[in-house]
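Undergrad: Next input, structure requested:
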Amino acid sequence: MSAEPSANRIDSLRWALETSLSVVYAAGADGLLIFANGAARARWHDAATAGMPAIGLFSGDARGHLADVAARVLTTGESGVFDAGDVGPAGVRAWASFALSPLREDDAITGYLCIATDTTALKRSELRLRRSEQLMVDTQGVAHLGTWEWDVSEPTAEWSDELYQIYGLTREQYTPSYEAYLTMVHPDDRQRVIDATNRVFHEHVQYSHDERIFRPDGSLRYLHTWAYPVLDDTGKLVRLVGVCQDITDQKLAEEQVLQLNAALERRVAERTRTIETSLRDVEAFNATVSHDLRAPLSVIQLSCQVISQRKEHDLPPQVVESVARIRRSASYMTELVDDLLALAHVSNAPIECSEIDLSQLCGEIVSNLRFASPERTVTVEIAPGLRCSGDPSLMRAAMENLIGNAWKYSSRVLHPRIAIGTVDVNGRAAFCVRDNGAGFDMKEAHRLFAPFERLHASTEFGGTGVGLAAVQRIMHRHGGRIWAQSEPGQGATFFFELP
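TA: Alright, predicted model coming up:
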């Protein structure tokens, strides 16, 4: 069929179509263009020239859509629509809706008129909406969040897909309703849920609570539900919207933590009983040591004293020497027992902390040392205002050991000096006791605080090697630490920190 009748029809409308902002073209029954307005020529350029095939204006799947719709329009005379998108010269995706209407001459269909409507903004909005919906679905799945909405004038509610999954249901097997929902709620929680719902209806207050539900398979789930009332302009409740989160994993984890805490408390109680029993055993042992060792040592010393009271010329020289050696050994054993008891005491004695004037305490200790050794002249400097928090009895024992060691190991120098004060260690004040005595090799420092370890021969300096071990335990029991620096022949400095 000739395209001339169609062209005549178009010519009568050319003045209106040419200036239209919409893309408009007309094609004859043979599919060749007979008209393209300015917007069409701007879109398709030379392809929109009269006599060119209309299908050449499109690409990809859009060609098939045009062919199908055009054939239907030319055959049935009914209008048709198809959507198509393409990438423009600037590389931006654009969409349009193409509406085809038949062109008639008398009763014959001689072609069709195509008017395109730009739907890019609408299409982008649809895509954004779909992405938002998908994001919400994905987010609900990740967070185990389901949403619901109930128009209170309707018997049923609307549930999201995730909410069906939370309840272990499908849309085919379950129609959401308040009554059906209550049957799934745990019997112990049901009345609380009913009361909360009634408050929403009558007082229009939102609710948020935990509840338990049974799935159709009998499994128990823990849920947290929020419900919010929506009112109309008159203040009447029209619908409820809500969110439901599956918190089963969280609840099970909390129960596991509670069980672990209970088990830990039992273990702590058992360990406490064990420690208390051990302490009682230690106390019993200390009492045994105090009695069973001291008694024979006292007998030995007394016997030696009785023997020594006889005139020395009445005793063979070997006996005199042996008695003296026995008395020295018994005295050492007595001192060792005393030190062991002291070590046990500082390890187990209860701590009662209070503010301690350390300067005054050190002064008292030095006075006692001077009284016990009046023949010695020792220069002692005690910084004023030294204070700490600790157990007075234990701190006295610690300072007696530290100052006593400084007093002892400086006994062989011509001008002994002892200084007690504080120094800055990494921005914190540490107490220190410094002397100019024998000192020790820092290679042996790891042995310094071990019980019964001595860095000097017993012929040089007396002692049992227990004192510094006791000092370290006292500091540790106070949450502090102790360390030392020294060089042989250059004296030693003992540092300690307390919280």
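Undergrad: ok, which stretches of the stretch 1-150 of the chain are helices?
TA: 4-17, 38-44, 61-76, 120-143 (DSSP state H, counting those that start in this stretch).
Undergrad: Comparing the ones you listed, which yields the minimum mean pLDDT?
TA: For those, the weakest mean pLDDT is recorded on helix 4-17, namely a mean of 63.
Undergrad: so how far is the first residue of stretch 209-229 from its last?
TA: Stretch 209-229 has its terminal residues 15 Å apart, counting by CA to CA, to the nearest Å.
Undergrad: same question, stretch 405-418
TA: In stretch 405-418, first residue to last residue: 10 Å (CA to CA).
Undergrad: so how far is that stretch off the chain centroid?
TA: Distance of stretch 405-418 from the chain centroid (CA atoms, centre = their mean, to the nearest Å) equals 54 Å.
Undergrad: Mean confidence (pLDDT) on that stretch, please.
TA: For stretch 405-418, the per-residue pLDDT averages 90.
Undergrad: now swap in stretch 376-390 and tell me
TA: Mean predicted confidence for stretch 376-390 is 92.
Undergrad: now do stretch 473-485
TA: Rounded mean pLDDT across stretch 473-485 is 90.
Undergrad: what's next to that stretch, contact-wise?
TA: Stretch 473-485 has contacts (CB atoms under 8 Å, 6 or more residues apart in numbering) with 343, 346-347, 351, 353, 390-391, 394-395, 397-398, 442, 445, 448-449, 471-472, 492-499. Using the backbone N, CA and C atoms, a C-beta is placed for each residue, glycine as well.
Undergrad: which parts of it are buried?
TA: R473, I474, M475, R477, H478, G480, I482, W483, A484 (16 or more other CB atoms under 10 Å).
Undergrad: Show the end-to-end separation of it, please.
TA: OK, stretch 473-485 end separation, CA to CA: 19 Å.
Undergrad: what's the answer for stretch 228-247, then?
TA: Using CA to CA, the end-to-end distance of stretch 228-247 comes to 20 Å.
Undergrad: What segments of the stretch 301-450 of the chain are strands?
TA: Applying DSSP state E, counting those that start in this stretch to the stretch 301-450 of the chain gives strands spanning 354-357, 379-382, 387-390, 417-425, 428-435.
Undergrad: Next, the angle from the longest one to strand 428-435.
TA: In this case it means strand 417-425. With axes from the mean of the first three to the mean of the last three CA atoms, to 10 degrees applied, the angle from strand 417-425 to strand 428-435 works out at 160 degrees.
Undergrad: what's strand 417-425 packed up against?
TA: Packed against strand 417-425, as judged by 3 or more CB pairs under 8 Å, 6 or more residues apart in numbering; DSSP states H and E, are the following elements: helix 358-372, strand 379-382, helix 392-409, strand 428-435, strand 492-497.
Undergrad: For G235, which of these is the nearest?
TA: For the helices and strands packed on strand 417-425, proximity to G235 was assessed by CB to CB; strand 428-435 is nearest, at 65.6 Å.
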